[in-house]
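In: Give me the fold of what follows.
(2 chains)
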Amino acid sequence: METNCFNYTYLIILIPFISFVILGLFGDYLKHKISGWLGTFSLFLVFILSYYTAYQYFFNVGKVEGVYQKFVGFNFVWLRFTESLHIDIGGLLDPISVMMLVVISTVSFMVHLYSIGYMHGERGFERYFSFLSLFSFSMLGLVLATNIFQMYIFWELVGVSSYLLIGFYYQRPSAVAASKKAFIVTRFADLGFLVGILILSITTGTFDYVTLTDPNGTAITQGSGIVFLGLSTLILVFMGGAGKSAMMPFHIWLPDAMEGPTPVSALIHAATMVVAGVYMVARLFPIFAISGTPGLEVVAYIGGITSLFAAIVACTQFDIKRVLAYSTLSQIGYMMLALGVSGYGGHEGLGFMASMFHLFTHAMFKALLFLGAGAIIHAVHSNYMYDMGGLRKYLPITHITFLIACLTIAGIPPLSGFFSKDEILVAAFHHNKFLFAVEYITAGLTAFYMFRLYYNVFWGKNVHYHHTPHEAPVTMTIPLIFLAIGSVFTGFIPFNKLVTSDGLPFEAHIEWGIAIPSILVGILGIIIATVLYKKETAIPDKIIGSIKIFHKWAYNKFYFDELYLFITQKIIFKRISEPVAWFDRHVVDGLQNWFAWLANTVSFNIRGFQSGQLQQYGWVFVSGALILVIIFSFYWYSINF
Amino acid sequence: MIGLTATVVFAGKFASWEVEFLSKEFFITLILLSSGVFGFFISLDLFTMFLFYELAVIPMYLLIGIWGSGPREYSAMKLTLMLMGGSAFLLLGLLGIYFYSGNDTVSPTFNILEIAERTIPAEAQRFFFPFAFVGFGVLGALYPLHTWSPDGHASAPTAVSMLHAGVLMKLGGYGCFRVAMFLLPEAANEMAWFFLILTTISIVYGAFGAVHQKDLKYINAYSSVSHCGLVLFALLMMNPTAMDGAILQMISHGLMCALFFALIGMIYGRTHTRMINEMGGIMRVMPFLGVIYVIGGLASLGLPGLSGFVAEMSIFVGSFQINDVFHRVITVLACTSIVVTAVYILRLVGIMLLGPIIHKEHEKLGDAHWFERISAGALTAAIIGMGMAPFWLSDMIGESLIPIVKQLTTNIGL
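Out: Numbers count the residues shown, from 1 in each chain, chains lettered A, B, ... in the order given. Now for the predicted structure:
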C-alpha cells in the first residue's frame, strides 16, 4: 500500500469543488465569459491530472510483480461512528477507478468546452457552470471512493446535481416534473442501497473497500451472502445501482431527464452518472462473484432485459434525444449483462473486462452522439426528427462525426464499439445462451434505430427551415472531433492487459465465430434502415400498420410511466397520504378536541355551583355536614356493634 | 461534571443563532421564553428543570394568543393545555424520582448527578418511567400527542415558530434523555420497545402527513414531527452511535426548522399567502430566498454535505448495530422516511419555487433585505458547516456522551 506517489490526487476532487464554490457564490458578479472559462479551465486541470495519474498508474508504478495494486492516494476520517466503522473521505486508485477518472475528466472537459458555445446567451449561464462543476466534483469523488459510505455520499451528490441540471430550465413545468421524478425514483432505489450498505458493512464490521473486496478476506468468506428478511444484501445494493443506471424497473426517469440542456444529457445521462451503477457492481465485484448468492444472475437478467426492451422502444421514438436515451439504457444493459455473466479472476473475468471496456468506449461514442444531437438541435431549434431532414449539407462536421458514432455503436470494425461489444458477446456466449441470443437481437436493433435516426436527420426529405441551419461554433466542434477520434481509436486499447477483475493481465482474442455474425447483424440493421429511411417512403408507415398494437405499446414505452403514475398518485398520494392527513386531523386530533370539549362542557354545566349566593353556600355546607354526620354515625355504629 | 459540558456545548449551539431575531414588541416575552429554555438546558436539578420548563411553555400562550394569526386562540389554548397536561405527567414522574432517590441512609435529592450515582428500585422505575418519558415526549411531539404542533406552528408568529420548533421541541428530547433515561435506565431498557414503535409511527406518519399538506407551516410542522420522532427513536436505541446521532439530529433539526420558519415568514411577508398552490415560480423574483429554501430542503431530506445527512446516518448506523430483527426492521421502516421526505420537499419546491409565475402581482416582489440575508445566511452557514465537517462536533458529543452511556450500560448490565 504505497501512498506517497499519488498523494496529489486530492486535487482532482478539490479543484472542481473550488470552482463550484466560486461560481456558486460569486457567479452573479462574474461576466458570463469568465465564469464559463473558469469552469472549463478547472476541468482542464483535472483532465491533465487524470491523464498523468493514468499514465503513472498503468505504466510506471501501478504494477507490482505483474499485478495491479490498489493504492490509497489520500485518506482522512470524516465521521467516526465506532472504532472500526467510520466514514473516510479518500482516494482509492485501482484499474477501474483510474479508468473512470480518464473517462469522466475527458467527457466532462469536452462538455464544459462545448457548453460555452451551446449555452451562450442563456439566462443562468454561471449557475449552469457551477452545477457542472458540482457534478464533476461529486462524480470524481464517487469513483475515487475508498469506502462504501463515501460512495453513498457522492452517490447522493451526483443525484442532486443531476436534479439541479435536469431542472435547469426551472420555469418550464416539464423540466421541473422530470427533475423531481429523477430524484425521487433514484432516491427510492437508494433506499435499497442504504439498507444494503448497513447490512453489509455492519455484518462485516467495515466500510472499507480494500477490506471488503479482498478475495481472501473475512468479509467475503463469512460476511457476505447474508440474507435479511429473505432478501439478499447484494440485491439490495444492486437496487441502488439499478436506480442510478436506470435499469428496469427504475428506468423511467432517464428518458424524461432529457429535459435538461443537451450537454448535460451527454455528460450525466449518457457517459458518467448513469454508469455509476455499473461501476458500483464492478467495485463490489469480488463479493458478487464469490459469495455465490443469486446476485449476479439478477444483474445479468436485468441487464439483458433492459437492453432489449430499451432497443425496441428506441425504434419507435421521434424525439432524437429520447432515442439516444433509450439507446443509453440499452448499452448500459449490455454492461450490466457482461458483469452478470462474468466470473472472478483470469480469463473467467472476461465479462468484467468487457463491461469496463464497453463502459469506456460507450462513454466516448455516446457523449459524441449527444453532443452531435445538441449541435443539430442548436441548428434547427427542435428535438423532433420530423422537423429535420437533409441536414448533411448544412452541418458537415456534425454529420461526419455523427456518422462515425453511429457506425461505432452499430459495432462495425475497426471502430471501438466493435471490440468492446464483441468481448461482451463472447462472455455471454460462454455463460448463458439465452442472454447471448437476446444481445444478438439487440445488436441488430441498435444498428437499425441509430441509422433510422441518422437518415431521418441528415438525409430523407428536405425540410424547409425558417432560417438556414448553420454549423456550430468552434467550441462546439472541437469536442465533437476529439470524441470522434476517441471513438475510432479507443478500441485498440488492450483492456485485457490493463483492467481486469483481479489485476492480473490475461490473453483475449477476438473470436471470429461470434464476431462475424454480429457484424453481419449490424450491417443488416443498417441496410434495413437505409431502405426504409434514406429516401422518404411509405414503407415505414405500412410496417407500423401491420404491427399496430405492438407499435403502440412500444411507442408508449410499454406503459411503464402510467404504471408508476398509478402507484404514486392513486396509491401513495390518495390511499396513504390523504388518509394519514385526515386521520391526524379528525381522529387523533379529534379525540383530543373531544377531551377539551368534554372538560369544557362539564365545567360549563357545573359552573352554577359558584353562584356567589351566601344562602346557597350555607345550604350546601349544612346539608353536606349533615350527610357526613350520618355516614360517620353509620360507620361508628357498624364498628362498635 | 462532564454532563455539564455536554449541556453547555449543547446550549452554546443554540446561542449562536438565538441572537438574530428582529426586534419587535413581544421581545420581552420572547426573552422570557429564551431564558426558560436556557435555564432548562443548564439546570442540573430536577426542580429547577421543571421550573424552567414551565417558564418556557407559558409565554408561548401569550405569544401565540396575542401575536399569532389564524385561529390563534384555539391553537394557543390547545398547545398550552397539551403541554400542561404533559407537565402534569412530568411532575408526577419527577416527584417519583425524587422520593425514591432517597433511602434509609440518605435523604432524597433533586440533583441529577447525585441521583445518577444512586439506584432507584426497579419497581419504582417501571412505574415512573412512562410518566417522565411521556411528559417530555409531548414536547418532543411523540405520536399520538403531537397534534399541538401543526396548529401551534401555523398560528404562531415567525420568531415564535422558529424558537419553538428549533429549540422548544428539543427540550422534549433532551429531557427524555437527561432525566427519563439517564435516571431510570432499567425501566428505559425494558420499555424501550413500546416507545420505539410509537416513535417509528411518528417518523413515517409525520412524513406521510406532510406530503398532503398545502400550507407551508403545516408541511414543516409535520416534517418536524417526523424529525423529532427520529430523535426519540435514536435515543431509545441506547447505542452510543445512535445517541450521538440523536444529539446531532437535535442540533440539525433545530437549525433547519428555524431556517424554514424564518423563510416562511419572509415569503409570507411578501406574498401574503402560505398556500403552496397559490404561489409558483417565485424563485425568479426571490432568488436568494429560493436558493436558501432549496438548501434547507436538501438538508432536510438528508443530502450529504449538509447537516441532516450526518445526523440521520449516525442514527441509522447506530440503530442497525443492534443485532436483532425487531430493531433492524424498525430501522428500515424509519429509513423509508428519507424517501417520503424527498417527495414532500421536492413537491413543495416544484410547486412553489419553480415553474412559471402564476400570479401577476408576484412579479413585482423583491428579494431578501440585508437583515434577512444575515439571518438566513447564518443559519445556512451553520447547516453547511455541520454537514461538511462533522468530525469535530461528533467527537465532542461522543466524548461528553461517554459517562451517560456508561450509566445506561452498567445499570442494564450489558
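
In: Looks to me like residue B:125 is in a strand.
Out: No - with DSSP: H, G, I helix; E, B strand; the rest coil as the criterion, residue B:125 is helix rather than part of a strand.

In: what about it, how many neighbours?
Out: Residue B:125 has 25 neighbouring residues, counting by other CB atoms under 10 Å in any protein chain shown. C-beta: built from backbone N, CA, C; applies to glycine.

In: mind checking how far it is from residue A:593?
Out: Look at residue B:125 and residue A:593: by CB to CB, to the nearest Å, they are 34 Å apart.

In: So which elements touch the helix or strand where residue A:417 lies?
Out: Residue A:417 is part of helix A:416-431, with elements assigned from DSSP states H and E. Counting contacts by 3 or more CB pairs under 8 Å, 6 or more residues apart in numbering or on different chains; DSSP states H and E, helix A:416-431 packs against helix A:320-340, helix A:350-380, helix A:396-410, helix A:433-458, helix A:474-489, helix A:512-533.

In: quick one, which of the ones you listed is nearest to residue B:251?
Out: Comparison of the helices and strands packed on helix A:416-431 against residue B:251 by CB to CB identifies helix A:320-340 as nearest, at 40.6 Å.

In: Okay, angle between that closest one and helix A:350-380 too, please.
Out: Here helix A:320-340 runs at an angle of 170 degrees relative to helix A:350-380 (axes from the mean of the first three to the mean of the last three CA atoms, to 10 degrees).

In: Pretty sure residue A:87 sits in a helix.
Out: No - secondary structure of residue A:87 (three-state DSSP): strand, not part of a helix.

In: Residue A:312 and residue A:445 touch, don't they?
Out: Yes - counting by CB atoms under 8 Å, residue A:312 does reach residue A:445; the two are 6.6 Å apart.

In: just the CA coordinates of stretch B:318-331, formatted as PDB?
Out: Once non-C-alpha atoms are left out, stretch B:318-331 reads as follows in PDB (Å, rounded to 0.1, in the frame of the first residue of the first chain):
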ATOM      1  CA  GLY B 318     -26.100   3.100  15.300                       C
ATOM      2  CA  SER B 319     -29.600   1.500  15.300                       C
ATOM      3  CA  PHE B 320     -28.600  -1.100  12.800                       C
ATOM      4  CA  GLN B 321     -25.700  -2.200  15.000                       C
ATOM      5  CA  ILE B 322     -28.200  -3.700  17.400                       C
ATOM      6  CA  ASN B 323     -28.400  -7.300  16.300                       C
ATOM      7  CA  ASP B 324     -32.000  -8.400  16.400                       C
ATOM      8  CA  VAL B 325     -34.700  -8.500  13.900                       C
ATOM      9  CA  PHE B 326     -37.100  -6.100  15.700                       C
ATOM     10  CA  HIS B 327     -34.600  -3.200  15.900                       C
ATOM     11  CA  ARG B 328     -33.500  -3.800  12.300                       C
ATOM     12  CA  VAL B 329     -36.900  -3.900  10.900                       C
ATOM     13  CA  ILE B 330     -38.000  -0.700  12.500                       C
ATOM     14  CA  THR B 331     -34.700   0.900  11.400                       C
END
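
In: Can you give the contact residues for it?
Out: A:81-82, A:198-199, A:202, A:228-229, B:193, B:196-197, B:200, B:233-234, B:237, B:239-245, B:316, B:334 (CB atoms under 8 Å, 6 or more residues apart in numbering or on different chains).

In: For ChimeraX, write a command that selects the buried ones of these.
Out: This is the ChimeraX syntax for the buried subset of the contacts of stretch B:318-331, where burial follows 16 or more other CB atoms under 10 Å in any protein chain shown:
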select /A:81,82,198,199,202,228 /B:196,197,200,233,234,237,239,240,241,242,243,244,245,316,334
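
In: Tabulate the helices and strands packed on helix A:416-431 (CSV), appending mean neighbour count.
Out: Listed next are the helices and strands packed on helix A:416-431 as CSV, based on neighbours: other CB atoms under 10 Å in any protein chain shown:
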stretch, mean neighbour count
helix A:320-340, 28
helix A:350-380, 28
helix A:396-410, 24
helix A:433-458, 23
helix A:474-489, 20
helix A:512-533, 17
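
In: right, and those helices - which one's nearest chain B?
Out: Closest approach to chain B among the helices and strands packed on helix A:416-431 is made by helix A:320-340 (21.1 Å; CB to the nearest CB).

In: helices or strands up against that closest one?
Out: Applying 3+ CB pairs under 8 Å, 6+ apart, we find helix A:320-340 packed against helix A:253-256, helix A:262-266, helix A:276-283, helix A:295-314, helix A:350-380, helix A:416-431, helix A:433-458.

In: So in chain B, which helix runs the longest?
Out: helix B:240-271 (DSSP state H).

In: So which other helices or strands are in contact with that one?
Out: Packing partners of helix B:240-271 (3+ CB pairs under 8 Å, 6+ apart): helix B:2-18, helix B:158-163, helix B:169-175, helix B:216-237, helix B:287-300, helix B:307-320, helix B:370-388, helix B:390-412.

In: Between those, which has the poorest mean confidence score?
Out: Of all the helices and strands packed on helix B:240-271, mean pLDDT reaches its minimum on helix B:2-18 (a mean of 41).

In: give me the number of residues near residue B:99?
Out: 12.

In: give me every residue that touches it.
Out: Applying CB under 8 Å, 6+ apart, the residues near residue B:99 are residue B:108.

In: To which secondary structure element type does it belong?
Out: From three-state DSSP, the assignment for residue B:99 is helix.

In: before we move on, which element is the closest residue to residue B:96 other than its chain neighbours in?
Out: Distances taken as CB to CB, 6 or more residues apart in numbering or on different chains put residue B:128 closest to residue B:96, at 3.6 Å, once the chain neighbours are dropped. Using DSSP H and E, residue B:128 sits within helix B:122-139.

In: Could you list the low-confidence segments of the stretch 101-250 of chain A?
Out: Applying pLDDT under 70 to the stretch 101-250 of chain A flags the ranges A:215-231.

In: Do you have the strands of it handy? List them.
Out: Remark: strands assigned in the stretch 101-250 of chain A by DSSP state E, counting those that start in this stretch are A:227-228, A:231-232.

In: Let me know the angle separating the longest strand belonging to chain A from helix B:370-388.
Out: Identified as the longest strand of chain A according to DSSP state E is strand A:71-80. Counting by the same axes, to 10 degrees, strand A:71-80 lies at 120 degrees to helix B:370-388.

In: Could you list the contact residues of the stretch 51-200 of chain B toward chain A?
Out: Taking CB under 8 Å from any CB of the partner chain as the measure of proximity, the stretch 51-200 of chain B contacts chain A at B:77-78, B:81-82, B:144, B:147.
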